[in-house]
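With the sequence up front, the predicted model follows.
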Amino acid sequence: MVLCQSSQAGQEENKLKASNRACKVRVPSVRLRRSRGTLSLVDFDANHLLLSLVVSGIGFVLFMYGKKQARMPQLVTGIVMSLYPYLVSNLLLQGGIAILCIGVCWWLVRAGF
């Protein structure tokens, strides 16, 4: 939302300064977590984006395999691995959860599910 008030100053330079002071841009934002001293909704760290892409890619492949072969462990693991990177911002926790999901899927397949 932009709120502007016109200025009636005599000189162009004064008009510009007055309009800059009178014009205020208000940007509504939703801020959830603190990252590097500022609040932000999304973490654009390159490591986080790369790990999220790899984990979600593996999840997509597992989901497609589980869907085509009608295999429930791969299908559920694929859905979980595709969605949880949106919720976890810690790299070590994200990697640990990925390893845990793959381990549980492997165990379920070995157990005959």
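Everything's here; your move.

If we go by neighbour counts, what in the host helix or strand of Trp107 is buried?
When elements are defined using DSSP states H and E, Trp107 is found to belong to helix 91-111. By 16 or more other CB atoms under 10 Å, the buried positions in helix 91-111 come out as 94, 97-98, 101-102, 105, 108. Heads up, the C-betas are built off the backbone N, CA and C, glycines and all.

for that helix, packing partners?
With contacts taken as 3 or more CB pairs under 8 Å, 6 or more residues apart in numbering; DSSP states H and E, helix 91-111 sits against helix 46-69, helix 72-83.

Could you pull out the buried residues of the longest one?
Within helix 46-69, the residues that qualify as buried by neighbour count (16+ other CB under 10 Å) are 48, 51-52, 55-56, 58-59, 62-63, 66.

Provide the contact partners of it at residue level.
Contacts to helix 46-69, defined as CB atoms under 8 Å, 6 or more residues apart in numbering, come from residues 71-86, 89, 91, 94-95, 98, 102, 105.

before we move on, what about the shortest one?
Residues outside helix 72-83 that contact it (CB under 8 Å, 6+ apart) are 55-56, 58-67, 98, 101-102, 104-105, 108-109, 113.

hang on, the earlier thing: only whichever of the contacts of helix 46-69 are buried, select them in PyMOL.
Of those, the buried ones go into a single PyMOL selection, burial set by 16+ other CB under 10 Å:
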select buried, resi 71+73+74+75+76+77+78+79+80+81+82+84+85+89+94+98+102+105
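
Poorly predicted segments of the chain, please.
Within the chain, the ranges that satisfy pLDDT under 70 run 1-43.

let's go with 50 and repeat that
Residues of the chain meeting the criterion pLDDT under 50: 1-2, 4-9, 31.

Which parts of it belong to which domain?
Domain ranges of the chain: 1-30, 42-111, per automatic domain parsing.

Can you lay out the buried residues of helix 91-111 as TSV showing distance to Phe44?
Converted to TSV, the buried residues of helix 91-111 look like this (distance: CB to CB, whole Å):
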residue	distance to Phe44
Gln94	15
Ile97	21
Ala98	20
Cys101	25
Ile102	27
Cys105	30
Leu108	35
